[in-house]
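**Student:** no sequence on this one, just coordinates:
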């Protein structure tokens, strides 16, 4: 049995474990639960979304107090539970957004950027600075070197705020394009034009 948190309270449901057939796959041993695939957070999507919405608009303690006041939830769901659910759902939405950016190719009408006049108007200009670095392993016996990318996206013109920074260990062009577009949107970029990441 496993307890699932819902907006109507805690519900106990059966949680059988499934084993891979050893006759069909003699060299493959694995056990899994169907409930773990359907409800990995031990909470329904409705409760996760409600907690995340309150946690994004209010302090976590206040969000937990509102949930405890209006919903029949257990007292063990504290502000730490609200924080964990909010961050978990936020990370999933971010991964989903990046996956959609990588998988959706640009439209034909978006492949050519419109030229805008930038004369004496730095607020209409966006600057992207990208740099790479190689990180070496501290252990001499282990050859685990990898490359990271650090970038900054902000408005043009001297004296403007530094903008948003991001770092990633994935140096593929799709990942760089998705991360850069996301950072530019934080700076107010509303265009949908094709963005090319060219390395030197």
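**Tutor:** Yep, that arrived. What you are looking at is a predicted structure, and each value in this text was computed from that prediction instead of being measured.
**Student:** Now residue 47. Its backbone dihedrals?
**Tutor:** Note on residue 47: backbone dihedrals following degrees, to the nearest 10 are phi -70, psi -40.
**Student:** If you could redo that for residue 177, that was the one I meant.
**Tutor:** Residue 177 adopts backbone torsions of phi -60, psi -40, taken as degrees, to the nearest 10.
**Student:** Next, count neighbours for it.
**Tutor:** 17 (other C-beta atoms under 10 Å). C-beta here means a position set from N, CA and C on the backbone, and glycine is covered the same way.
**Student:** I'd guessed it sits against residue 103; true?
**Tutor:** No: Residue 177 is beyond contact range of residue 103, at 11.7 Å (criterion: C-beta atoms under 8 Å).
**Student:** Against which helices or strands is the lengthiest helix in the chain packed?
**Tutor:** Once the chain is assigned using DSSP state H, the helix that runs over the most residues is helix 79-103. Where contact means 3 or more C-beta pairs under 8 Å, 6 or more residues apart in numbering; DSSP states H and E, helix 79-103 is packed against helix 45-57, helix 60-70, helix 173-186.
**Student:** any idea which element residue 132 lies in?
**Tutor:** Secondary structure from DSSP states H and E places residue 132 in strand 126-135.
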